[in-house]
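**Q** my questions are about this predicted structure, shown below with the sequence.
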Amino acid sequence: MGVVHLPVLDPAPAEAAELVEIQLGHMCNNRCVFCSSGQATEMGQALPMDLAPVLGALERAKRQRARKVTFLGGEPTLQRAFLPALRRATDLGFEEIEIFTNGVKAARRSFVDEVAAIGPFSWRFSIQGGNLQAHDEAVVKPGAFLRICRAMDNVREHGHRITANACINELSYRSLPDYVALVKRYGIEQLHIDVVRPSSAGQRTDEYLGEVMPRHVDMAPYFDEMLTAFEAWDPSFDVNVGNFPYCLLPKWSHRIHHGGMDTLTLAADLENDLTEKDKYEAQHSDKLHGPRCRACAFERQCSGVFDAYVRIHGTDELRPITATAWAALDASGERAALVEGARSVAAALGVGPEAMRVDEPGLSFDDRGVRVMVAPRGQAGLAVGRTGALDMVVSVVATLGQQEAEAWVDRARGEVPWDVAPRAVWIAALMGTDHVARGRAAIAELVGRARAGVRHEPNPTWPGVRVVGTSGEVEDVRIAWPGAPELLVRDDAAPSIRK
Ligand SMILES: C[S@@+](CC[C@H](N)C(=O)[O-])C[C@H]1O[C@@H](n2cnc3c(N)ncnc32)[C@H](O)[C@@H]1O
Ligand code: SF4
């Protein structure tokens, strides 16, 4: 048995958040239709921010060993405190310093040069539509799109990292597919698209919110078109969608997030006093499920829809989806194989079928202390099966104790159903590869090496895999991996299990 990472569902909370966001007041030079800061500026309520509290917040973040700090607002670049804050953050040596901006000021080359003279930064641009019309209408500023494009060109010239964010709304959702060209053109490394959060929209009536918040069901085809195009271009590109109900884009569930990394947000009130806020808790406190959501395979990881949304549009569009229906959404059959495999592992462990979820860890666990789930890649827990974007994860709760937990994990691994799933899936799974196709390629490579007489060397693609020998001339290659049955590989590199 290889190293067992004890997967726990409820790890002790970290001492402090790794990521700290500091809101530099509310002053803004755009008037985005969904934003409280633009509205506060319009109403003459937004004030300049003093430097002292910002420096205090930076020192504290450093003491608490934050890795990354983000400056946002309002529009942070408008504040007198902005450049001194960047200097101090640079001196304090944070691993990453991010500027979250609407890009209006950075359209001026000399401004970006001044910032870049302080140090290298990450720039998170708010591109509020995939094209000129959508962006300019959403930020209520003609010319804003051309400015943000110039800003990205300026930043690229300095080689700084660019990511992007958007709050998609009635004026912009039809432009979603156009983000693909922007990402390619400006070298955007990551794109997050959120829907309108009523709690961040300022003082608005339901009538107003109804005009800017489209129904999810109307937006879904545009999200689908955009995500399909990104997938076709580069499946590893990091595009994700915030707060969208899983049941309306089930095929893209691994791209949807209802939460995020632990982030400490120091939010400014209208007096610019900075107070600590748990960003994701605050974002979920005004969300509701529909009456039918209990029957949905995503119920536990889905935080629902905003209460203002429910008042305006209701919950009729929310349709529970079963794990089986979700599994069938994958033409290649890998997802179905993963779910089928999870079912039989769960059954073998004595975990009831109700504990098998399409899920994220950490939110719930069944009372026997063990849970089998099919989850987006990279989640805590031991991945015993794997396809391109998803893992089959076995998790045990911390209260079980190390030994008992390891015993469960051993049993789970022993129960991987070799005959249920297409073999290549499980082979790729047990070998820890990223994708079945890659798994096949790697098997072919291993076989090639074995035939060339290379043996017993660590393999960079599959750490822990050893070619243990050949039998006959070049006919058979046996591949052994800790905890998995030995594979027998013949000429065509289609491996079989050596019983
Ligand atoms: C508040 S702005 C501050 C930084 C800067 N002014 C900018 O636009 O990037 C940060 C992000 O918050 C998002 N945002 C603002 N209001 C929102 C709302 N009601 N719902 C969801 N996101 C919102 C915007 O899309 C923007 O990308
Ligand atoms: S999203 Fe940013 S640019 Fe738009 S109004 Fe709010 S603070 Fe200003």
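**A** Received it, and whenever you're ready, just let me know what you need. Ligands and ions are numbered 1, 2, ... in the order given.

**Q** if I look at Met43, how far off is Ser37?
**A** 11 Å (Cβ to Cβ, to the nearest Å). Bear in mind the C-beta positions are built from the backbone N, C-alpha and C, glycine included.

**Q** return the helix or strand in the protein with minimum mean pLDDT.
**A** Least confident element among the helices and strands of the chain, by mean pLDDT, DSSP states H and E: helix 423-430 (a mean of 44).

**Q** how about the residues of the stretch 1-150 of the chain by ligand 2?
**A** Contacts of the stretch 1-150 of the chain with ligand 2, taken as Cβ under 6 Å from any ligand atom, map to 28, 30-32, 35, 37-38, 73-75, 102, 126, 139.

**Q** turn these into CSV, including secondary structure.
**A** Shown next, in CSV, are these (DSSP: H, G, I helix; E, B strand; the rest coil):
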residue, secondary structure
Cys28, coil
Asn30, coil
Arg31, coil
Cys32, coil
Cys35, coil
Ser37, helix
Gly38, helix
Gly73, coil
Gly74, coil
Glu75, coil
Asn102, coil
Ser126, strand
Val139, helix
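
**Q** top of these by neighbour count?
**A** Among those, Val139 has the most neighbours (other Cβ atoms under 10 Å), with 31 neighbours.

**Q** find the nearest non-adjacent residue to it, please.
**A** Using Cβ to Cβ, 6 or more residues apart in numbering and skipping residues adjacent in sequence, the residue nearest Val139 is Asn30, 4.2 Å away.

**Q** got a list of what that neighbour touches?
**A** 38, 75, 102, 104, 139-141, 144 (Cβ atoms under 8 Å, 6 or more residues apart in numbering).

**Q** what's the closest of those to Asp273?
**A** Glu75 (19.0 Å; Cβ to Cβ).

**Q** pretty sure that closest one contacts Phe100?
**A** No: using Cβ atoms under 8 Å, Glu75 makes no contact with Phe100, being 9.2 Å away.

**Q** up against ligand 1, what does the stretch 351-499 of the chain have?
**A** By the rule Cβ under 6 Å from any ligand atom, no part of the stretch 351-499 of the chain lies against ligand 1.

**Q** follow-up on the earlier one: between the contacts of Asn30, which is closest to Val370?
**A** Taking Cβ to Cβ as the measure, Val370 lies nearest Asn102 of the contacts of Asn30, at 47.6 Å.

**Q** quick one: contacts for the closest one?
**A** Here Asn102 is in contact with 28-30, 32, 75, 125-126, 139, 144, 148 (Cβ under 8 Å, 6+ apart).

**Q** near ligand 1 too, which of the residues you listed?
**A** Answer for the contacts of Asn102 near ligand 1 (Cβ under 6 Å from any ligand atom): 28, 75, 126.

**Q** related to what we said a few turns ago, need the max-distance pair from the contacts of Asn30.
**A** Using Cβ to Cβ, the contacts of Asn30 reach their maximum pairwise distance at Glu75 and Val140, which is 13.7 Å.

**Q** residues touching Cys28, list them.
**A** By Cβ under 8 Å, 6+ apart, the contact list for Cys28 reads 35, 37-38, 41, 46, 73-75, 78, 102.

**Q** residues in contact with the longest helix anywhere in the chain?
**A** Counting by DSSP state H, the longest helix found in the chain is helix 216-233. Contacts to helix 216-233, defined as Cβ under 8 Å, 6+ apart, come from residues 130, 168, 173-174, 176-177, 179-180, 183-184, 193, 195, 237, 239, 241, 244-245, 248-249, 251-252, 255, 305, 317.

**Q** any of the residues you listed buried? List them.
**A** 130, 168, 173-174, 176-177, 179-180, 183, 193, 195, 239, 241, 244-245, 248-249, 252, 255, 305, 317 (16 or more other Cβ atoms under 10 Å).

**Q** report the separation between Phe94 and ligand 2.
**A** 22 Å (Cβ to the nearest ligand atom, to the nearest Å).

**Q** what's the answer for Met226, then?
**A** From Met226 to ligand 2 the distance is 20 Å (Cβ to the nearest ligand atom).

**Q** skipping adjacent residues, who's closest to that residue in space?
**A** Leu176 (4.3 Å).

**Q** hmm, Val183 and the one you found touching each other?
**A** No: counting by Cβ under 8 Å, Val183 is not a contact partner of Leu176; they are 11.9 Å apart.

**Q** re earlier: which strands and helices lie in contact with the helix or strand immediately after the longest helix of the chain in the chain?
**A** Counting by DSSP states H and E, the next helix or strand C-terminal to helix 216-233 is strand 238-242. If contacts are counted by 3 or more Cβ pairs under 8 Å, 6 or more residues apart in numbering; DSSP states H and E, strand 238-242 sits against strand 190-195, helix 216-233, strand 256-257.

**Q** let me know whether the longest one sits next to ligand 1.
**A** Think helix 216-233. No: figure legend: helix 216-233 not in contact with ligand 1 (Cβ under 6 Å from any ligand atom); closest approach 13.7 Å.

**Q** how far off strand 238-242 does that helix point, in degrees?
**A** 170 degrees (axes from the mean of the first three to the mean of the last three Cα atoms, to 10 degrees).

**Q** let me see the mean pLDDT of helix 216-233.
**A** Over the span of helix 216-233, the pLDDT mean works out to 96.

**Q** so which residue of the stretch 1-150 of the chain comes closest to ligand 1?
**A** Closest contact between the stretch 1-150 of the chain and ligand 1, by Cβ to the nearest ligand atom, is at Ser126 (3.3 Å).

**Q** hey, what's that residue bridged with?
**A** With DSSP bridges as the criterion, Ser126 is bridged to Asn165.

**Q** my guess is it meets Asn165, correct?
**A** Yes: between Ser126 and Asn165 a contact is recorded at 5.2 Å, counting by Cβ under 8 Å.
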